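Participant: Sequence isn't available, so here's the structure alone:
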């Protein structure tokens, strides 16, 4: 059990089995870690915004820094028109970040290493951005698929290509996060297994690798949350400022 | 006195923020984000093209042909995605 590197991704039930019309909605370890992440976000940011000192304490500083980080990211990528969507992007970034970081704790479960979770988040963004685009520009949003200055003969092919590249957005978004998290955690487990099987004599080299990988994984956990949020901003920018 | 000083400083800081957000009107993105975007974009476009071809094949009963065509269209879309991202990076 301990040597199987994929065992850490197993979803199992906690508590009783709950079924509604063949659909299994039992409480699992995945739901437990999602709830833990969501509650700790709520806890930290409520604590950070409760005092409002002019000279902030540590938790308030954390909350303020993350606020200005996301706020700057939105104004850099989507401009001032992106400001109303701050709530969405902030919650997305924090949820992905906390899920990734809780996955770094030993014996924990990484929610974002399951493609169904990341694909759900990505399709939420994809559908939301498409709706926003149609609300802001009406049917003119379809101009996104017709680049200017293309000869009429090539137009049908170009439109098909543009539609495919638009549809590939949620897939590239979800696969990137899922693959990075899953590959990193599998690699850490594999090197951990080497330490045990090589014993005291040869185990030191994989152990040092394991330590280095842990640092790398923490970087990746942050970076993937950042990339997820910034790509949401870029897609939002495409929908808000149509520039074809 | 100190209160007034703080107020003027607040005004200046607020003005700086509004200047900044006006300057950065759209179309800019972080280089790092772009680099990560390019890495999976190509594969995703090929996958989507192939899936569309497979579905159309099942609909129209033209078994091997549409999946082949849409696979190559997907490859073209993937290359164009990457080229577009690279161009955006160069403009910056």
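Facilitator: Happy to help now that I have it. Everything quoted here is computed from the prediction, not taken from an experiment.
Participant: Sketch out the low-pLDDT regions of chain B for me.
Facilitator: Within chain B, the segments meeting pLDDT under 70 span B:1-3, B:18-37, B:89, B:91-92.
Participant: which residues in it form helices?
Facilitator: Under the criterion DSSP state H, chain B carries helices at the ranges B:2-23, B:31-60, B:63-91.
Participant: winner for burial among those?
Facilitator: helix B:31-60 (a mean of 18; mean count of other Cβ atoms under 10 Å in any protein chain shown). (C-beta placed from N, C-alpha, C; glycine too.)
Participant: Check which helices and strands that one sits against.
Facilitator: helix A:155-202, helix A:204-240, helix B:63-91 (3 or more Cβ pairs under 8 Å, 6 or more residues apart in numbering or on different chains; DSSP states H and E).
Participant: Look up how far residue A:184 lies from the most centrally placed residue in chain A.
Facilitator: Nearest to the geometric centre of chain A sits residue A:96, at 4.2 Å (Cα atoms, centre = their mean). Distance, residue A:96 to residue A:184, by Cβ to Cβ, to the nearest Å: 14 Å.
Participant: now do residue B:10
Facilitator: 44 Å.
Participant: Check residue A:165 too.
Facilitator: 28 Å.
Participant: And for residue A:193?
Facilitator: 15 Å.
Participant: Pick out whichever of those two has more residues nearby.
Facilitator: residue A:184 (24 against 16; other Cβ atoms under 10 Å in any protein chain shown).
Participant: you'd agree the residue nearest to the centre of chain A is up against residue A:180?
Facilitator: No: assessed by Cβ atoms under 8 Å, residue A:96 is found out of contact with residue A:180, at 11.3 Å.
Participant: shared neighbours, the two?
Facilitator: Here residue A:96 and residue A:180 share the contacting residues residue A:224, scored by Cβ atoms under 8 Å, 6 or more residues apart in numbering or on different chains.
Participant: host element of the residue nearest to the centre of chain A?
Facilitator: According to DSSP states H and E, residue A:96 maps onto helix A:86-103.
Participant: picking that back up, JSON lines please, covering the helices and strands packed on helix B:31-60 and showing distance to residue A:110.
Facilitator: Below are the helices and strands packed on helix B:31-60 laid out as JSON lines (distance: least, Cβ to Cβ, whole Å):
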{"stretch": "helix A:155-202", "distance to residue A:110": "6"}
{"stretch": "helix A:204-240", "distance to residue A:110": "9"}
{"stretch": "helix B:63-91", "distance to residue A:110": "28"}
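Participant: now for those helices, which one comes closest to residue B:14?
Facilitator: helix A:204-240 (22.9 Å; Cβ to Cβ).
Participant: close to chain B, is the closest one?
Facilitator: Yes: shown here: helix A:204-240 in contact with chain B (Cβ under 8 Å from any Cβ of the partner chain) through A:223, A:226-227, A:230-231, A:233-234, A:237, A:240.
Participant: now that helix and helix A:86-103, what's the angle there?
Facilitator: 170 degrees (axes from the mean of the first three to the mean of the last three Cα atoms, to 10 degrees).
Participant: Could I get the buried residue list for helix A:204-240?
Facilitator: A:206, A:209-210, A:213, A:217, A:220-221, A:224-240 (16 or more other Cβ atoms under 10 Å in any protein chain shown).
Participant: can you check stretch A:133-149 too?
Facilitator: A:133, A:141, A:144.
Participant: does the second one sit in a helix, a strand or a coil?
Facilitator: Translated: residue A:141. Assigned with DSSP: H, G, I helix; E, B strand; the rest coil, residue A:141 falls in the helix class.
Participant: give the contact list for it.
Facilitator: A:133-134, A:239, A:242.
Participant: Now residue A:25: phi and psi?
Facilitator: The phi and psi values for residue A:25, taken as degrees, to the nearest 10, are phi -120, psi 30.
Participant: ok, it touching residue A:19?
Facilitator: Yes: look at residue A:25 against residue A:19 with Cβ under 8 Å: they come within range, at 7.2 Å.
Participant: Closest one to chain B out of the buried residues of stretch A:133-149, please.
Facilitator: residue A:144 (12.5 Å; Cβ to the nearest Cβ).
Participant: Okay, the closest one and residue B:7: tell me how far apart.
Facilitator: As judged by Cβ to Cβ, residue A:144 and residue B:7 stand 45 Å apart.
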